[in-house]
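>>> Attaching a predicted model along with its sequence, questions to come.
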Amino acid sequence: MKQPLAYIHPGAKLAPSVVIDPFVTIDQNVEIGEGTRIGSNVTICEGARIGKNCTIFPGAVIGAVPQDLKFRGEETTAIIGDNTTIRECVTIHRGTASKGKTVVGNNCLIMAYSHVAHDCVVGNNVIISNASQLAGEVVVDDYAVIGGGTLVHQFCHLGSHIMIQGGALVNKDIPPYVKAAREPICYAGVNSIGLRRRNFSSETIRDIQDIYRFLYLSGLNVSDAVARIEAELPATPERDEIILFVRNAKRGIIKGYL
């Protein structure tokens, strides 16, 4: 919908059904899909790719130049999937030469005042609560829930189906299916409530709990715990996902109960 009080660069590609509120700025080299609504005072910068049926609330900035001193003006993108809601004053920066793009997936909710930095990859069905901050090159897997005011160190990997306590300081990788809480942040049990809501069976949840008993409650170091898990627990998709995550954790995983 044409909005006379908005600035839309002639080179931007907007589907006919996009709704633009007053005082929006849309730069060149931007693409926006069908059914998306852009609230007032939103700025969508060069390189943004926004999917279908998204809602972007007032004051958000999508695709701004990254806050990275290594950035040299290279052509990069910020990609937002379909059916994602971006609340007031969220900032999502485009990528750098490192990865070339910042990605937020489908069906996500990014709450007010949150920040997604350059080269982050946020999966599908992720909730990032108010005023949370993701530093550069953070990876967040599907169905993760990040509590309000959480600060995530650069290069961290947050696994699928996790729940992070609000106000957390995250400087290690958080493996799938767990709750992470306390200060300093540590393992606080399996996210069983979240898993039940997503139709995981009771048997699957028990299997996940058995895996984390080896990792966090057995007194074994991580390498020995993984070896015991492979030797003694049946192969399941969840078991294999956890083992792969732990082995690939470049920053190491969060500790057990402190």
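Done, it's in.
>>> which residues touch the residue nearest the centre of the chain?
The centroid of the chain falls nearest to residue 122 when counting by CA atoms, centre = their mean (3.2 Å). Neighbour list for residue 122: 103-105, 108, 116, 128, 134, 140 [criterion: CB atoms under 8 Å, 6 or more residues apart in numbering]. For glycine as for every other residue, the C-beta is placed from the backbone atoms N, C-alpha and C.
>>> measure it to residue 9 for me?
Noted for residue 122: a distance of 26 Å to residue 9, by CB to CB, to the nearest Å.
>>> Tell me who's in contact with residue 81.
Applying CB under 8 Å, 6+ apart, the residues near residue 81 are 51, 103-108, 124.
>>> Top of the residues you listed by number of neighbours, please.
Counting neighbours by other CB atoms under 10 Å, the top entry in those is residue 104, with 27 neighbours.
>>> Dig out what the closest residue to it other than its chain neighbours forms beta bridges with.
Using CB to CB, 6 or more residues apart in numbering and skipping the chain neighbours, the partner closest in space to residue 104 is residue 122 (4.6 Å). When bridges are called by DSSP bridges, residue 122 pairs up with residue 104, residue 140.
>>> Likewise for residue 8?
For residue 8, the beta-bridge partners are residue 26 (DSSP bridges).
>>> So for it, what's the pLDDT?
pLDDT recorded at residue 8 is 96.
>>> Could you verify my assumption that it touches residue 14?
Yes - between residue 8 and residue 14 there is a contact at 7.0 Å, judged by CB atoms under 8 Å.
>>> what is in contact with these two at once?
Counting by CB under 8 Å, 6+ apart, the residues touching both residue 8 and residue 14 are 20, 26.
>>> Got the phi and psi for residue 86?
phi -120, psi 110 (degrees, to the nearest 10).
>>> how much space between it and residue 41?
Distance from residue 86 to residue 41, by CB to CB: 13 Å.
>>> For residue 214, which non-adjacent residue is spatially closest?
Spatial nearest neighbour of residue 214, chain neighbours left out: residue 225 (4.6 Å); criterion: CB to CB, 6+ apart.
>>> Show the contacting residues for the one you found.
Residue 225 makes contacts with 214-215, 218, as judged by CB under 8 Å, 6+ apart.
>>> any chance of those residues in JSON lines, plus distance to residue 239 and secondary structure?
Listed next are these as JSON lines, based on distance: CB to CB, whole Å; DSSP: H, G, I helix; E, B strand; the rest coil:
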{"residue": "214", "distance to residue 239": "10", "secondary structure": "helix"}
{"residue": "215", "distance to residue 239": "11", "secondary structure": "helix"}
{"residue": "218", "distance to residue 239": "15", "secondary structure": "coil"}
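>>> Just the buried ones from those residues?
By neighbour count, with 16 or more other CB atoms under 10 Å, these hold 214-215 as buried.
>>> just the contacts of residue 225 now: which is nearest residue 200?
Checking the contacts of residue 225 against residue 200 by CB to CB gives residue 215 as the nearest, at 18.4 Å.
>>> Can you tell me the closest non-neighbouring residue to that closest one?
residue 225 (4.8 Å).
>>> same question, residue 21
Excluding the flanking residues, the one nearest residue 21 by CB to CB, 6+ apart is residue 40, at 4.2 Å.
>>> Find the nearest non-adjacent residue to residue 117, please.
Residue 117 sits nearest to residue 136 (CB to CB, 6+ apart), 4.5 Å away.
>>> Could you do residue 116 as well?
In this structure, residue 116 finds its nearest non-sequential neighbour in residue 92, 4.5 Å apart by CB to CB, 6+ apart.
>>> where along the stretch 51-200 of the chain do the helices fall?
192-197 (DSSP state H, counting those that start in this stretch).
>>> which regions of it sit below the pLDDT cut-off?
The model of the stretch 51-200 of the chain has no residue with pLDDT under 70.
>>> re the thing from before, go ahead and list the helix or strand containing the residue nearest to residue 215.
helix 222-232 (DSSP states H and E).
>>> and what of residue 204?
With elements taken from DSSP H and E, the one containing residue 204 is helix 202-212.
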